[in-house]
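Visitor: Sequence below, structure please.
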Amino acid sequence: MKTTTKTKGTQSVKMRYITLTGLMAAMIALMTAYICHIPVGVNGGYIHFGDSLIYIAATLLPTPYALAAAAIGGGLADLMTSPMWAPATIIIKMLITIPFTNKSAKIITPRNIIAAVIAYFISGISYFFAEYILFGTLSSAFIASMSGSLIQSGGSAVFFLIFGMALDKVHIKSRLNNQL
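Guide: A predicted model of the protein is given here:
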């Protein structure tokens with residue numbers, strides 16, 4: 001009898017993580033595609049601050065769920081706004097979650113602050129290669145890609161710090177852990 005209760009409890013925890021993953025993916029898609037969405041250049045690229053919610057997801061959810069939220073949210077945003085970028089975005093958004101940790105009792109930790117800087121480099125370099133594959137531009141693409149990523153990742157890092165500090169003040173991680 002006790003194993004059945006444990007199995008039901010484990011399934012309940014998984015279902016709650018799946019639900020939170022879906023909510024985070026939806027918020028990432030909305031923030032990326034429509035809120036603070038600034039088109040740049042002629043190649044369909046745009047600057048957004050949806051990455052801040054990817055960073056939040058990476059600090060709240062276990063890694064597999066954070067990867068899914070980032071890929072689904074970023075991919076959906078590109079499918080709605082600039083579909084040619086969707087395959088690259090799905091991979092890149094998953095990669096930028098990896099430096100973050102959800103193991104701490106708080107969202108804003110020294111590791112997660114450094115992770116936002118690492119995410120900038122992952123994003124900038126990866127989108128540079130994606131642009132090269134899509135358009136074959138190499139000479140000025142690196143500077144353009146890194147400067148666009150600096151604005152996007154820098155803005156997302158600032159939003160991440162603001163959102164994270166606010167969520168830490170209301171002890172969201174302990175509340176989530178009590179619910180899960």
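
Visitor: What number of neighbouring residues does the residue nearest to Ile118 when sequence neighbours are not counted come out with?
Guide: Nearest-residue entry for Ile118: Pro99, 4.2 Å, with adjacent residues in sequence omitted and distances by CB to CB, 6 or more residues apart in numbering. C-beta here means a position set from N, CA and C on the backbone, and glycine is covered the same way. A count of nearby residues for Pro99, using other CB atoms under 10 Å, gives 18.

Visitor: which SS class is Pro99?
Guide: Counting by DSSP: H, G, I helix; E, B strand; the rest coil, the backbone at Pro99 sits in coil.

Visitor: Repeat that for Gly9.
Guide: Gly9 - assigned by three-state DSSP - is helix.

Visitor: on that earlier part again, list phi and psi for the residue nearest to Ile118.
Guide: Dihedral angles of Pro99 (phi, psi; degrees, to the nearest 10) stand at phi -70, psi -20.

Visitor: Roughly how far does it sit from Gly155?
Guide: Distance, Pro99 to Gly155, using CB to CB, to the nearest Å: 18 Å.

Visitor: Tell me which other helices or strands the strand or helix carrying Ile91 touches.
Guide: Using DSSP states H and E, Ile91 sits in helix 86-97. Other helices and strands packing on helix 86-97, by 3 or more CB pairs under 8 Å, 6 or more residues apart in numbering; DSSP states H and E, are helix 51-60, helix 63-81, helix 110-135.
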